[in-house]
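>>> Quick one, structure for this:
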Amino acid sequence: MGVQGCCEDTCAGWLFPFCSGYNTEVLAPTSVQKIEPKIFLANERTFLHWLHAGVTLYTIAAGILAFASESHSVGAHWYAMALLPISLGFCLYALHLFLWRAEKIKTRVPGRWDDSRGPLMLGSILAGVLFINFVMKCREIRRFNEIMSHEL
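Here you go, the predicted structure:
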């Protein structure tokens, strides 16, 4: 019988399959896995780096909201409002990953302790929002150039 996941019974089990019952094949360890103290610190350092990324995105979104003019920047407001949930997603992902790894470290479960899907998913969403912003800015520049050419 395999080891049960840490969030199998929650609604986030489908979102983070790396900690659900996804990989239930666990070989019985022949000896207790030794955990060095630097592993705990690496887990905390990774948590802080993910939180830093989320707070940085939030700061950028708050700055865009604060400095965008009221009348001519509907796109800026939508862009900032799209960045806010992404920054929250980074912070929630950081917390989830930190707690999941801490549980793996505490129980000394053999196997992989990394997640290859989470960063790919968050990075893809962020890249998509940045691409949409790029397209919106290109359209805005094109409209501005058309207006300027008609005035001449």
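>>> so how far is L92 from W100?
12 Å (Cβ to Cβ, to the nearest Å). Yep, even glycine has a C-beta here, placed from its N, CA and C like the rest.
>>> just I35 next, same as before
26 Å.
>>> higher neighbour count, these two?
Comparing I35 with L92 by neighbour count (other Cβ atoms under 10 Å), the higher total belongs to L92, at 15 against 12.
>>> Packing partners of the helix or strand hosting the more buried one?
Using DSSP states H and E, L92 maps to helix 74-107. The helices and strands touching helix 74-107, judged by 3 or more Cβ pairs under 8 Å, 6 or more residues apart in numbering; DSSP states H and E, are helix 37-67, helix 117-151.
>>> Name the residue closest to the centre of the chain, please.
The residue lying closest to the centre of the chain (Cα atoms, centre = their mean) is F90, at 3.4 Å.
>>> Give the rounded mean pLDDT of the helix holding L92.
Mean per-residue pLDDT for helix 74-107: 89.
>>> the inter-axis angle of it versus helix 117-151?
With axes from the mean of the first three to the mean of the last three Cα atoms, to 10 degrees applied, the angle from helix 74-107 to helix 117-151 works out at 170 degrees.
>>> buried set for helix 74-107?
For helix 74-107, burial by neighbour count (16 or more other Cβ atoms under 10 Å) applies to 76, 79-80, 82-84, 86-87, 89-91, 93-94, 96-98, 100-101, 104-105.
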